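>>> fold the following for me, if possible:
(one chain, ligands or ions: 1)
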Amino acid sequence: MDKLSIIGGAPLSGELTVSGAKNSALPILASALLAAQPVRIRNVPRLKDVATMVRLLRTLGAETQGEGGVVQVSCADMRRFRAPYELVKTMRASFLLMGPLLARWGRAEVSLPGGCAIGSRPVDQHLKGFAALGAEIAIDGGYVKARAPNGLVGGRVTFDMATVGGTENLLMAAVLAKGRTVIENAAREPEIADLAQCLIAMGARIAGHGTSIIEVEGVPALDGCDHRIMADRVETGTYLIAAAASRGDVRVRGAQPSTLEAVLQSLVTAGADVETGADWIALDMRGRRPLAVDLETAPYPGFPTDMQAQFLAMNAVAEGESRVTETIFESRFMHVNELARLGAQIALEGNRTAVVRGVAALRGAPVMATDLRASFGLVVGALAARGETVIDRIYHMDRGYERIEEKLGALGADVMRLTAARPARPPA
Ligand code: UD1
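Residues are numbered from 1 along each chain as shown. Next up, the predicted model:
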């Protein structure tokens, strides 16, 4: 199992280009099942999760070319309608295949994703949405089995909470349903708007994406299209936070600043000079230690839960005390105990709030990644720490961050991937 060795203590400095958004690429790859002609998707990040989604599409009978960069998906016909447990358990976003399968073929069997490290993460809202469009749903042997033998029919759905995946799944189901669908209390994440743009390019009729009410007028069939995936806002924010924690000076190219307002505001409060252009963001700490900033995660446009671990790690080396409150997932503080191994002073109040007392310096130590975003929280801590940190189980990180060593290396970080063939750094 690969590990990442980081010798921290130096400011990150330089430029990097952000990858395409994982959380946009996954639903858009799933949406290719809706079109009878080939769908060409550009700016697809080369990630484990993308490879898993491509594998799922092939398992179902789609023809695909590429696993990153440009990916083409052709779904003239389907062989199977079942997404197996073995693949779904490694990636919850596999559940997004349900909407397109149900919409185009009137049947879908997708394994229940089960719990994951950050909480129970049910799919009840997805199922409530499909039922409102007339699907018959049964849960049997760990699989959700859905049928709509005569096709889906538009309906009105009000979600109980803003759910990103639920909104995406229902949107993909509604585009081929007969008549009009209204999704109320829809999530407003930019990745949902990106998916809607792709569906519109296929010929779907959608209005209100990016707001909390989405309206869809179903069409009988969809065409192929060519779509470029938006910039990854989580990756962008992650590198900016890492730069702030290390007192650095970084410019991220290919970014979409409008999708990061809450994070940029928090970084300014932390004392960073932040400048933005049409497609870039520059952050400069001018060598200063960051100031501690309170934050509370919230659905978009609030502070994203996917950047909580990274920001908490920055607070761990900031001047002052801060409260970090997680409102989206119930157990998303597993990085706290690992950061403590680097010398961070963090106390948990229940499972919602972490009280962070910034320390002047962290010290490198062996730590373990527990989930995708938490793992980058450890990278942020390691970059700000003196000495070597070895992060174990970085397969979590490889699911969602492209070319980590290369990107951090370009910013001057001393990072090395340790493998079975090279289990430790060569002696200095
Ligand atoms: C997506 C993102 C993930 C991000 C999360 C929140 C992808 C591939 N993943 O995950 O990176 O952390 O949004 O921004 O885009 N819920 C239910 N029932 C449901 C669905 C959701 O109770 O049927 C709850 C969840 O447990 C959670 C909240 O709603 O507490 C938000 O979850 P949701 O927005 O659906 O997250 P995902 O789409 O899984």
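>>> count of residues packed around whichever residue of the stretch 51-200 of the chain sits closest to the ligand?
Residue nearest to the ligand within the stretch 51-200 of the chain: Gly165 (2.8 Å; Cβ to the nearest ligand atom). C-beta: built from backbone N, CA, C; applies to glycine. Each residue near Gly165 was counted by other Cβ atoms under 10 Å, and the total is 23.
>>> then Gly208?
Gly208 is flanked by 16 other residues according to other Cβ under 10 Å.
>>> over to the closest residue to it other than its chain neighbours: give its phi and psi.
Once flanking residues are discounted, Gly208 sits nearest to Ile214: 4.6 Å by Cβ to Cβ, 6 or more residues apart in numbering. Per-residue torsions, Ile214: phi -110, psi 130 (degrees, to the nearest 10).
>>> how about the one 10 residues further on?
With angles defined as degrees, to the nearest 10, Gly224 shows backbone torsions of phi -70, psi 170.
>>> shouldn't it be in contact with Arg40?
Yes: contact criterion Cβ atoms under 8 Å: Gly224 and Arg40 qualify, at 7.3 Å.
>>> surely the residue of the stretch 51-200 of the chain closest to the ligand and Phe95 touch.
Yes: the criterion here is Cβ under 8 Å, and Gly165 meets it with Phe95 at 6.6 Å.
>>> name the residues contacting each of these two.
By the contact definition Cβ atoms under 8 Å, 6 or more residues apart in numbering, Gly165 and Phe95 are jointly contacted by Val123, His126.
>>> and the ligand, is the helix or strand containing Thr59 touching that?
Of the helices and strands defined by DSSP states H and E, Thr59 is found in helix 48-60. No: using Cβ under 6 Å from any ligand atom, helix 48-60 never reaches the ligand; the gap is at least 7.8 Å.
>>> buried ones in that helix?
For helix 48-60, a neighbour-count test (16 or more other Cβ atoms under 10 Å) marks Lys48, Asp49, Val50, Thr52, Met53, Val54, Arg55, Leu56, Leu57, Thr59, Leu60 as buried.
>>> cool, stretch 196-216 as well?
Buried, per 16+ other Cβ under 10 Å, within stretch 196-216: 196-204, 206, 208-210, 214-216.
>>> quick one: end-to-end length of it, please.
End-to-end distance for stretch 196-216, by Cα to Cα, to the nearest Å: 10 Å.
>>> report the buried residues of stretch 184-193.
Within stretch 184-193, the residues that count as buried by 16+ other Cβ under 10 Å are Asn185, Ala186, Ala187, Arg188, Glu189, Pro190, Glu191, Ile192, Ala193.
>>> reformat these as JSON lines; add secondary structure, pLDDT and distance to Lys89.
JSON lines is the format used below for the buried residues of stretch 184-193 (DSSP: H, G, I helix; E, B strand; the rest coil; pLDDT from 0 to 100; distance: Cβ to Cβ, whole Å):
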{"residue": "Asn185", "secondary structure": "coil", "pLDDT": "98", "distance to Lys89": "29"}
{"residue": "Ala186", "secondary structure": "coil", "pLDDT": "98", "distance to Lys89": "28"}
{"residue": "Ala187", "secondary structure": "coil", "pLDDT": "98", "distance to Lys89": "24"}
{"residue": "Arg188", "secondary structure": "coil", "pLDDT": "98", "distance to Lys89": "29"}
{"residue": "Glu189", "secondary structure": "coil", "pLDDT": "98", "distance to Lys89": "24"}
{"residue": "Pro190", "secondary structure": "helix", "pLDDT": "98", "distance to Lys89": "28"}
{"residue": "Glu191", "secondary structure": "helix", "pLDDT": "98", "distance to Lys89": "23"}
{"residue": "Ile192", "secondary structure": "helix", "pLDDT": "98", "distance to Lys89": "25"}
{"residue": "Ala193", "secondary structure": "helix", "pLDDT": "98", "distance to Lys89": "29"}
